[in-house]
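Asker: Pasting the sequence and the predicted model now:
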Amino acid sequence: MKRFLFPVIFVLANLLCAGPAAASHIFGGELLYTNISGNSYTVRLTLYGDCGPTGASAFAYLPTATPLIHIYHGSHLDSFHIVLHAEPNTGIEVSPVCPAELHNTNCNGGTLPGVKKFVYSATTTLGSVQADWHFLFDGNLGDSSKAGRSANITNVYNAAVSNVYLEATLNNLAGPNSSPEYTTIPTPFYTLNVPQQYNQGAVDPDNDSLSFQLVDALDNGNSVFYYSNPDITLSGARPLLTDTGQFVFNPLNGQMSFKPNALQNALVVGQVTEYKNGIIVGTSKREMTFVVLNLDLDYVQNTNAVNISGGGSSGNNVINLCIGTPTVSFDINPVDTASNNISVSYTALPPGATMNLQNDNTTSPALHFSWNTTSVNPGVYNFFVSYRNNACPISTTQTIAYTLNVVNPFQLISITQGATQCYHPANITAIITQGVLPATISISKDGNPVYTGISASDTAGFALPAGNYTGMVSAPGLPGCSAPFSFTIVDSGTYPFTPEVSGDLAYCIHDPTTVLLADSLAGCTIQWYNAAGVSIPSAPLPSSDSAGVFTWYVSQRNGPCVSALEAVNVHVYGEPDISLNMEQGTVCVGEVIYLDAAGAKSYYWEPYNKIFTDKDGRQFIRVYEPSEYTLYVESEFGCKDSLKLRYTKVEPCCHFTYPNAFTPNGDGKNDRFHALVIGNMEYYELSIYDRWGKRVFWTKNKADSWDGNYNGRPASNGTYYYRVHAMCATGHEEDKSGPLELVR
């Protein structure tokens with residue numbers, strides 16, 4: 001895996017330091033608003049900067065910066081801006097070091113990592129109520145400077161030249177709203193190859209429902225470009241380098257669980273969305289930088305809820321409970337990896353809930369959460385516990401979200417069934433509402449279990465035969481949410497067998513077709529379906545416009561009883577793919593052409609009176625003038641086609657050439673003697689004589705030749721005489737004789 005590695009000493013001494021420009025030292029921030037009264041709001045911008053040695057100039061003017069906030073609704077209509085001013089005592093140090101080492105951070109001239117927090121605010125009055133108010137900080141600090149990100153951010157390109165870009169939205173149509181407050185700093189430090197946790201600790205002052213997501217960082221409204229390597233592509237939703245499967249984000253409470261496998265300074269952007277009565281009333285974004293160091297940092301573990309009573313856990317510290325449950329409780333027993341003391345704090349406990357904290361600031365604090373939930377309304381209730389150790393020089397904090405998900409009991413709002421097909425099972429669909437998934441469905445018939453299944457969605461499907469059934473839908477650890485149900489599957493009628501299909505099921509391409517027919521039993525109705533199994537209103541009419549296999553399905557119904565679907569395949573065959581295995585166009589007069597074709601089952605040539613057959617049954621033609629022949633074929637499927645064979649040029653070729661010697665010595669060169677003939681013969685005869693007039697070879701085949709033997713023995717060297725007597729198809733008569741030399 002590609003790693004973004006930095007020497008430890010550099011990280012400790014220059015955490016997130018960039019060049020001398022102040023615009024490259026911001027590595028966290030959020031933009032929030034708080035309603036004062038009516039349409040008046042306090043807008044607050046918080047920036048977190050690094051105190052690295054080269055960051056001194058940044059902090060020289062950040063206390064007096066005047067950030068500019070744009071406010072608009074719709075498409076920037078009626079836009080205006082406000083100027084924020086630093087709040088009193090801004091610039092406090094929030095470095096994650098032990099108290100004894102605060103004097104030794106970068107913020108105080110030391111060498112340990114240092115972080116300062118700057119807060120700016122102003123009050124403004126919105127002129128109207130709108131569904132889409134926007135508060136935007138694009139990095140403008142009120143002078144020529146921009147709030148640039150740290151140059152050492154490792155998961156985006158050119159971080160130093162990108163600016164912090166934060167936006168919050170407001171829908172005040174139904175009344176005022178305030179952004180949630182964040183209870184953890186956005187610059188946590190982590191150690192390499194160790195499981196870690198982080199939560200922003202978002203607490204909403206209006207008790208709105210919150211949902212969480214990770215989004216892309218923006219620069220001037222455009223997404224920044226994240227790094228990628230052969231193992232992983234980083235993005236806003238996946239911003240950290242971890243092993244596969246070692247990054248988990250919970251949108252219910254914003255909890256991040258991860259095991260970093262590379263040194264990195266990762267830019268992370270979270271967005272929180274607020275809901276009031278199911279309507280979005282606001283959003284806010286927060287930029288964070290997760291710093292992973294190659295240090296053996298101590299951290300707190302064992303922060304999961306244990307000994308849960310009154311509810312069931314679905315993992316990630318989410319405890320589900322049913323409305324009306326008297327009490328839900330659980331324990332937490334955190335420990336530090338190096339047995340450091342642990343300081344515990346918690347926020348946003350649900351109203352009426354209690355947290356009994358014992359042994360705080362010891363190596364083994366113990367927490368017991370208890371909540372009387374008898375009258376609690378359904379909903380999601382998050383609270384946060386922070387565990388900080390007293391390790392030196394760097395102390396670490398784990399903030400964990402605990403979610404109480406109060407739900408209504410399960411309901412099966414409908415059970416629908418398909419036809420039983422009489423002796424086949426019925427297809428049953430159950431719609432599950434309320435409760436919490438996954439749900440367990442158990443069904444019995446006459447007191448005997450017949451089905452048990454787990455459904456991870458709100459729709460469950462199963463198949464059962466006719467009968468009376470009872471069932472229960474439930475979830476582990478939620479006895480109060482279980483819901484009984486019952487249903488009946490009824491049969492009537494006689495099972496109809498698959499109908500018989502009549503009509504043509506095979507065609508040749510472009511043939512006329514007929515509607516498919518199915519014979520139904522008395523009292524039954526026929527139903528046709530397309531290839532996807534969707535019913536169609538009438539019997540299909542196949543098309544023969546293209547070749548292929550086309551499928552429909554057919555069944556017949558008798559009351560609620562439906563036969564199995566029968567596939568009906570209609571074959572449309574293409575024309576035979578004919579090929580002629582002879583040349584066309586030009587031919588010598590009288591040429592014998594053997595008719596040879598492929599690609600069909602049967603062949604018939606016209607005109608039949610010009611087609612001849614040799615002693616071996618092969619058909620041929622002789623061409624004396626420009627001619628045309630037609631081949632009619634039929635495929636094995638009965639599909640017909642035709643093809644033309646044309647000779648448009650007939651040449652009067654008839655030529656003889658006579659060698660005067662040959663060498664029958666078996667070397668493969670000039671071993672035989674014959675007249676070289678071009679053209680077609682009506683008659684041909686070749687005779688060879690020795691010097692005493694005895695004939696030693698004779699043939700009537702113009703392709704035959706003398707091999708230099710007589711009576712099975714090699715003839716002697718010397719002079720021999722040939723005579724050729726032939727009649728060409730053109731009418732030319734050849735009568736030629738002459739000497740030839742046999743040389744071995």
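Answerer: Yep, it's here. This is a predicted model, so every value here is computed, not measured.
Asker: Gly142: what's it in contact with?
Answerer: Neighbouring residues of Gly142 by C-beta atoms under 8 Å, 6 or more residues apart in numbering: 65-68, 83. Just so you know, the C-beta spots here come from the backbone N, C-alpha and C atoms, and that holds for glycine as well.
Asker: Give me the contacts around stretch 124-136.
Answerer: Against stretch 124-136 from outside (C-beta under 8 Å, 6+ apart): 31, 33, 38-41, 43, 69-74, 78, 82, 166-173.
Asker: Next: stretch 659-667.
Answerer: Against stretch 659-667 from outside (C-beta under 8 Å, 6+ apart): 669-673, 676, 707-709, 714, 738-744.
Asker: May I see the buried residues of it?
Answerer: For stretch 659-667, a neighbour-count test (16 or more other C-beta atoms under 10 Å) marks 662-664 as buried.
Asker: and Ala506, what are its bridge partners?
Answerer: His571 (DSSP bridges).
Asker: wouldn't it be in contact with Phe550 here?
Answerer: No - in this structure, Ala506 is not within contact of Phe550 by C-beta atoms under 8 Å, at 11.1 Å.
Asker: related to what we said a few turns ago, which among the contacts of stretch 659-667 end up buried?
Answerer: Going by neighbour count (16+ other C-beta under 10 Å), these have 673, 708, 740, 742 buried.
Asker: separation between the third one and Thr663?
Answerer: By that I understand Leu740. 11 Å (C-beta to C-beta, to the nearest Å).
Asker: next one: the last one
Answerer: Separation of Leu742 from Thr663 (C-beta to C-beta) stands at 8 Å.
Asker: again, but for the second one
Answerer: Here the criterion is C-beta to C-beta. By it, Gly708 lies 8 Å from Thr663.
Asker: Now for the two: what residues contact both?
Answerer: In contact with both Gly708 and Thr663: 671, 742, 744, using C-beta under 8 Å, 6+ apart.
Asker: centre of the chain versus stretch 243-261, how much separation?
Answerer: 21 Å (C-alpha atoms, centre = their mean, to the nearest Å).
Asker: I'd like the average pLDDT over it.
Answerer: Mean pLDDT, stretch 243-261: 92.
Asker: Below-threshold pLDDT in the stretch 451-600 of the chain: ranges please.
Answerer: Scanning the stretch 451-600 of the chain with the threshold set as pLDDT under 70 gives 491-496, 560.
Asker: Neighbours of Gly29, how many?
Answerer: For Gly29, the tally of surrounding residues (other C-beta atoms under 10 Å) stands at 25.
Asker: same deal with Asp596?
Answerer: 13.
Asker: Backbone dihedrals for it, please?
Answerer: The phi and psi values for Asp596, taken as degrees, to the nearest 10, are phi -140, psi 110.
Asker: thought it was touching Ser579?
Answerer: No - counting by C-beta under 8 Å, Asp596 does not reach Ser579; the two are 9.4 Å apart.
Asker: does Glu101 count as helix, strand or coil?
Answerer: Put simply, Glu101 is helix when judged by DSSP: H, G, I helix; E, B strand; the rest coil.
Asker: is it true that it touches Ala391?
Answerer: No - using C-beta under 8 Å, Glu101 is not in contact with Ala391; the gap is 10.3 Å.
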